[in-house]
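K.L.:
Sequence unavailable; structure follows:
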Ligand code: GAP
């Protein structure tokens, strides 16, 4: 499927099969806000659990936390969000559309990347087995030219944003002759900063109410609880605190479905370390997190690192793990070396010491922090869009199959009586009830069995068990595999064991 078609298909499939709905749809929806349906909530929960197990359950030195969404307003002064959590926005005077100026420039560079990919594909076809991609990338004049141009643009953009030089950001847009994707016009306004936090109020009357913010990241809940956790958990550095939860951002350029939402969920881990060790921990977490992504089996070629040119106010190094979404490589997770910025700043604003006594170094200090931060909704989109495939079968018919990694599939097995008579439903129901204690099961007796298989394929159910007349005789069933459509005859116990093995966290996570 072409990328554009795939993305349309992702949207319609997500809705049709109960994964994602537009929020408050009966009132025509709310832009960039979405609800997860009966299938989506299960997939999302499984993805969250997959992260939690890898981060908290399997690491002796990482513990969990669930901090409140509403926090004391000074938190956001200390974190820098009140002053610096801005997007540079630009309006097109003809279409009246508003854009993020940095995204317009990044999209321009993205097009150069696409040109490079096309050149690589062409050359790979031309040279066949003798093709050396690394050599081609470093020597082909056209490709080198695209790469140098892209790098120079991003470097200049990073510098201008760091220096708050919005005049130069506009100049860059004009020099690159970037036009409005809607109107094609190059008639731009000045670039202006816009704060992304949602404000709200706490209190009974308008006069006495305190101005609050909905948290724009979960990380600050971890920082303000650093000492609570360290002391009550008797934690020794290095150690981490992990948290999943909602975050809110008044995104102006909200598009691409659940990729950029105004209300979304983050899964973040702050790893507290002695000062001076941040380089090695940065390398460690980059590698560990990439391995975790690879464990889904979506293809290593679909991930890449992108180092930040423009560092956030709190970071001394940062990169993104990017994923190849249907609309190109985009950020999926951020790895940030946050120095002691956050804890030092909270010390200053709260007047409370947030220090650690290091028994090995025999000194007190404010720990440094290494952060891993991933959007759960983006992870959902990555897994879901990669899994959705249209296949042409040997007999010429087609099927839609959602090849979700079995470990996170909403339903692990569908139990289907071959026909709705001869006592088969009773046996199938009994089997489904038994399996329910160990895995998520659905029972379906409507329609012909072939149609039921297709429905389970579209829902991403990795296994079907069919109960037929032979089951009445010898208690055996047919186990059908979603991906290959192969079928085998097994006892019920054997079928259950195969499903358990294929869906066990252990078998997916043990590589990392
Ligand atoms: N605490 C660091 C932090 O929040 P970030 O790069 O702004 O860093 C981390 O966000 C991750 O959160 C991103 O990599 C992305 O996966 C997710 N994310 C950020 N904004 C989002 C949005 N508007 N919609 C969905 N996910 C978002």
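P.N.:
In hand now; what should we look at? Everything numeric here is computed off the predicted structure, so don't read it as measured data.

K.L.:
Going by C-alpha atoms from here, please, whenever you check contacts or count neighbours.
P.N.:
OK.

K.L.:
Now do the residue lying closest to residue 29 once chain neighbours are set aside against residue 250, distance only.
P.N.:
The shortest distance from residue 29 to any non-neighbouring residue, by CA to CA, 6 or more residues apart in numbering, is to residue 23 (5.1 Å). Counting by CA to CA, to the nearest Å, the gap from residue 23 to residue 250 is 16 Å.

K.L.:
Equivalent analysis for residue 192, please.
P.N.:
Distance of residue 192 to residue 250, computed by CA to CA: 15 Å.

K.L.:
repeat for residue 83
P.N.:
Distance of residue 83 to residue 250, computed by CA to CA: 15 Å.

K.L.:
Tell me which of the two has more neighbours.
P.N.:
More crowded of residue 83 and residue 250, by other CA atoms under 10 Å: residue 250, with 17 against 11.

K.L.:
which residues does that one contact?
P.N.:
Counting by CA atoms under 8 Å, 6 or more residues apart in numbering, residue 250 makes contact with 196-198, 262.

K.L.:
The residue lying closest to it once chain neighbours are set aside - how many residues pack around it?
P.N.:
Nearest non-adjacent residue to residue 250, counting by CA to CA, 6+ apart: residue 196, 4.8 Å away. Neighbours of residue 196 under the rule other CA under 10 Å: 19.

K.L.:
Residue 196 against residue 86, yeah?
P.N.:
Yes - Residue 196 is in contact with residue 86 according to CA atoms under 8 Å; the separation is 5.9 Å.

K.L.:
Next, the buried residues of stretch 258-266.
P.N.:
258-266 (16 or more other CA atoms under 10 Å).

K.L.:
Now that stretch: average pLDDT?
P.N.:
Per-residue pLDDT over stretch 258-266 has a mean of 97.

K.L.:
before we move on, what about stretch 224-232?
P.N.:
97.

K.L.:
Stretch 197-215 vs the ligand: in contact?
P.N.:
No - figure legend: stretch 197-215 not in contact with the ligand (CA under 6 Å from any ligand atom); closest approach 9.9 Å.

K.L.:
which parts of that stretch are buried?
P.N.:
Result for stretch 197-215 [16+ other CA under 10 Å]: buried residues 197, 212-215.

K.L.:
Ok, stretch 458-477 next?
P.N.:
Going by neighbour count (16+ other CA under 10 Å), the buried part of stretch 458-477 is 458-469, 471, 476-477.

K.L.:
Show me the contact partners of that stretch.
P.N.:
Identification of contacts with stretch 458-477 by CA under 8 Å, 6+ apart yields 17, 39, 400-404, 406, 409-419, 422, 424, 427-428, 453, 456, 478-483, 489-492, 495, 499.

K.L.:
Next step: those restricted to helices.
P.N.:
39, 424, 427-428, 453, 456, 492, 495, 499 (DSSP state H).

K.L.:
Most neighbours out of those, which is it?
P.N.:
Neighbour max across those (other CA under 10 Å) = residue 428, 25 neighbours.

K.L.:
Am I right that that residue is in contact with residue 416?
P.N.:
Yes - in this structure residue 428 lies within contact range of residue 416 using CA under 8 Å: 6.5 Å.

K.L.:
joint contacts of those two?
P.N.:
With CA under 8 Å, 6+ apart as the test, residue 428 and residue 416 both reach 443, 466-467.

K.L.:
Let me have those residues in a markdown table, extended by secondary structure.
P.N.:
Shown next, in a markdown table, are those (DSSP: H, G, I helix; E, B strand; the rest coil):
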| residue | secondary structure |
| --- | --- |
| 443 | strand |
| 466 | strand |
| 467 | strand |
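
K.L.:
ok, the spatially most central residue of the chain - contacts?
P.N.:
Residue closest to the average C-alpha location in the chain (CA atoms, centre = their mean): residue 379, at 2.5 Å. Applying CA under 8 Å, 6+ apart, we find residue 379 in contact with 47, 332.

K.L.:
secondary structure class for it?
P.N.:
Here residue 379 is recorded as helix under three-state DSSP.

K.L.:
Check it and give its pLDDT.
P.N.:
98.

K.L.:
heads up, I number from 35, so please use that
P.N.:
Fine by me, first position is 35 from now on; the one you just mentioned is residue 413.

K.L.:
What distance do you get for it to the ligand?
P.N.:
Counting by CA to the nearest ligand atom, to the nearest Å, the gap from residue 413 to the ligand is 7 Å.

K.L.:
Could you do residue 229 as well?
P.N.:
Taken as CA to the nearest ligand atom, the span from residue 229 to the ligand is 13 Å.

K.L.:
Now the residue nearest to that residue when sequence neighbours are not counted. Its backbone dihedrals?
P.N.:
Spatial nearest neighbour of residue 229, excluding adjacent residues (CA to CA, 6+ apart): residue 120 at 4.3 Å. Dihedral angles of residue 120 (phi, psi; degrees, to the nearest 10) stand at phi -120, psi 150.

K.L.:
how many other residues sit next to residue 120?
P.N.:
Residue 120 has 14 neighbouring residues, counting by other CA under 10 Å.

K.L.:
and it, what does it touch?
P.N.:
227-230.

K.L.:
Including secondary structure, could those go into JSON lines?
P.N.:
Output for the contacts of residue 120, formatted as JSON lines (three-state DSSP):
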{"residue": "227", "secondary structure": "strand"}
{"residue": "228", "secondary structure": "strand"}
{"residue": "229", "secondary structure": "strand"}
{"residue": "230", "secondary structure": "coil"}
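
K.L.:
between these, which is closest to the ligand?
P.N.:
Nearest to the ligand among the contacts of residue 120 is residue 230, at 9.8 Å by CA to the nearest ligand atom.

K.L.:
any weak-confidence spans in this structure?
P.N.:
Per-residue confidence for the chain (pLDDT under 70) gives these ranges: 35-36, 287-288.

K.L.:
can you list the domains in it?
P.N.:
Here the domain assignment for the chain is 79-107+245-419, 435-543, based on automatic domain parsing.

K.L.:
Pipe these into JSON lines and attach distance to residue 44 per row.
P.N.:
Output for the domains of the chain, formatted as JSON lines (distance: least, CA to CA, whole Å):
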{"stretch": "domain 79-107+245-419", "distance to residue 44": "6"}
{"stretch": "domain 435-543", "distance to residue 44": "10"}
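
K.L.:
out of the ones you listed, nearest to residue 63?
P.N.:
domain 79-107+245-419 (12.6 Å; CA to CA).

K.L.:
measure that closest one end to end?
P.N.:
OK, domain 79-107+245-419 end separation, CA to CA: 17 Å.

K.L.:
what do you get for stretch 260-272?
P.N.:
13 Å.

K.L.:
Same question for stretch 339-357.
P.N.:
End-to-end distance for stretch 339-357: 9 Å, by CA to CA.

K.L.:
Show residues contacting it.
P.N.:
Contact with stretch 339-357 is made by 114, 118, 188-189, 192-193, 195-196, 324, 336-338, 363-373, 375-376, 416, as judged by CA under 8 Å, 6+ apart.

K.L.:
Buried members of these into ChimeraX, please.
P.N.:
Typed into ChimeraX, the next command selects the buried ones out of the contacts of stretch 339-357 (criterion: 16+ other CA under 10 Å):
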select :114,188,192,193,195,324,337,338,363,364,365,366,367,368,369,370,371,372,373,375,376,416
